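**Student:** dropping a prediction and its sequence here:
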Amino acid sequence: MPCWRSFIALICLAIIVVVITICQSFHTNFLTVGRNGTLRYEPTELNLGQMRMIAGLSDPENLRKNVQRIAIKRAVSTPGHSEVRNYIVDYLKKLNWNVELDIFTQKVPIMSNVTFHNIVARQNPQTQRYLMFGCHYDSKYFKDFDFMAATDSAVPCALMLNMATILKHQFHRSQVSLMLVFFDGEEAFGEWSQEDSPYGSRHLAELWEKHGFLDKIDLFVLPDLIGAKDVVFKKNILDTSGWFHRLVQLELKLFQAGIVRSERPLFKFEPGIDVDDDHLPFTRRNVPVIHLISNKYPAVWHQAEDVEMNVDYNTTEQVGLVLRMFVMEYLNSAPSISNTLK
Ligand SMILES: [Zn+2]
């Protein structure tokens, strides 16, 4: 009997240890950012007044105009590609952002040598740390049809430009700033493989690791495949699930305050399966990432029907609003360097 009692006590103890470990890991994820989770973060929630103010700045016409300018044929090395690149660069320069190009040439299948251009825009280039958003601006080449790639990823890029416009007078802090990256060459030239896939993000992550710049990224948010009515985001990266939960909560607060009327949650705190994308070269280097890719791929994915006309702007606006709330909450209460974990 004493033996059984000890055995049961041991099992109970093991269960308690497992539960505490799970709780602690969730808590720690929620509180840390930065490469290798080196910064402590305590988000200060936006109050209702701040939320209404940010929502009041929304500019759906600007979003539509940006989607229309980007959702054209823009496979790497085509005139449409340069047109979109110049549009993004000029747009952000006019808003007084610091814009730089990361240019490199690489051999790719089918086309031999190709020159890529990543666009890196920083709201404040003097700052020590960044909240980074990324999207890819190239479109996949299909020989049988014209591919405008609205959801893949003209809409995510347009959301980022729209955010820069709407929040232009809201950026006050100097210690942490917003960085927008427009990756080139996300699409494979042939079949997706380790070698024939995200060219731009692979190059940038490697370059930034060499220069120590990866350490300046608090968190990287990667929106992709957005624009369909049935878009839904799930918790697909466990390490940043606490951060994803903030998005879920912010959307709920927008419903409760009556700021968003649809009340159909697009951010769901349910397990999702992550897929390959521009974030992988960064996650491999321990940069925390929120991958906002629709859990259900758009029905028009990689088809001729993925055009601006088929974008559902009500849903897309809802995504944009939640992201803007998230950015403002982050920038308002971002961790200070003195909070670095020992
Ligand atoms: Zn694609």
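**Tutor:** Looks like it arrived, so ask away.
**Student:** count the neighbours of Phe145 for me.
**Tutor:** Using other CB atoms under 10 Å, Phe145 has 9 other residues around it. Using the backbone N, CA and C atoms, a C-beta is placed for each residue, glycine as well.
**Student:** I'd assumed it was in a helix, is it?
**Tutor:** No - Phe145 is assigned coil when assessed by DSSP: H, G, I helix; E, B strand; the rest coil, not a helix.
**Student:** residues contacting it?
**Tutor:** Residues near Phe145 by CB atoms under 8 Å, 6 or more residues apart in numbering: 303-304.
**Student:** same check on Leu222?
**Tutor:** Contacts for Leu222 (CB under 8 Å, 6+ apart) come out as 133-135, 277-279, 289-293.
**Student:** ok, those vs Ala154, which is closest?
**Tutor:** Ala154 lies nearest to Cys135 out of the contacts of Leu222, by CB to CB, at 8.8 Å.
**Student:** on the three-state scheme, the closest one is what?
**Tutor:** What three-state DSSP gives for Cys135 is strand.
**Student:** which residues are in contact with it?
**Tutor:** 153, 156-157, 159-160, 181-183, 222-224.
**Student:** measure the residue lying closest to it once chain neighbours are set aside to Val67 for me?
**Tutor:** Take Cys135 and drop its neighbours on the chain: the residue closest to it by CB to CB, 6 or more residues apart in numbering is Pro156, 3.9 Å away. Look at Pro156 and Val67: by CB to CB, to the nearest Å, they are 10 Å apart.
**Student:** and those two? which has more neighbours close in?
**Tutor:** It is Pro156, of Pro156 and Val67, that has more neighbours when counted by other CB under 10 Å, with 29 against 25.
**Student:** next, the buried residues of stretch 156-172.
**Tutor:** Within stretch 156-172, the residues that count as buried by 16 or more other CB atoms under 10 Å are 156-167, 170.
**Student:** ok, the residues you listed vs Arg74, which is closest?
**Tutor:** Using CB to CB, Cys157 comes nearest to Arg74 of those, at 10.3 Å.
**Student:** what secondary structure does that closest one sit in?
**Tutor:** What three-state DSSP gives for Cys157 is helix.
**Student:** report the beta-bridge partners for the closest residue to it other than its chain neighbours.
**Tutor:** Distance criterion CB to CB, 6+ apart; nearest residue to Cys157, sequence neighbours excluded, is Cys135 at 4.4 Å. Listed beta-bridge partners, Cys135: Phe182 (assigned using DSSP bridges).
**Student:** for Cys135, give me the pLDDT.
**Tutor:** Cys135 is assigned 98 on the pLDDT scale.
**Student:** one more: Thr28?
**Tutor:** Thr28 carries a pLDDT value of 45.
**Student:** do the one 5 residues further on as well
**Tutor:** pLDDT, the model's per-residue confidence, is 87 for Val33.
**Student:** just say helix, strand or coil for whichever residue of the stretch 151-300 of the chain sits closest to the ion.
**Tutor:** Going by CB to the ion, the ion is nearest to Asp152 of the stretch 151-300 of the chain, at 4.1 Å. Under three-state DSSP, the three-state class of Asp152 is helix.
**Student:** who's in contact with it?
**Tutor:** 139-140, 224-225, 298, 301-302, 306.
**Student:** what about 7 Å?
**Tutor:** By CB atoms under 7 Å, 6 or more residues apart in numbering, Asp152 lies in contact with 225, 301, 306.
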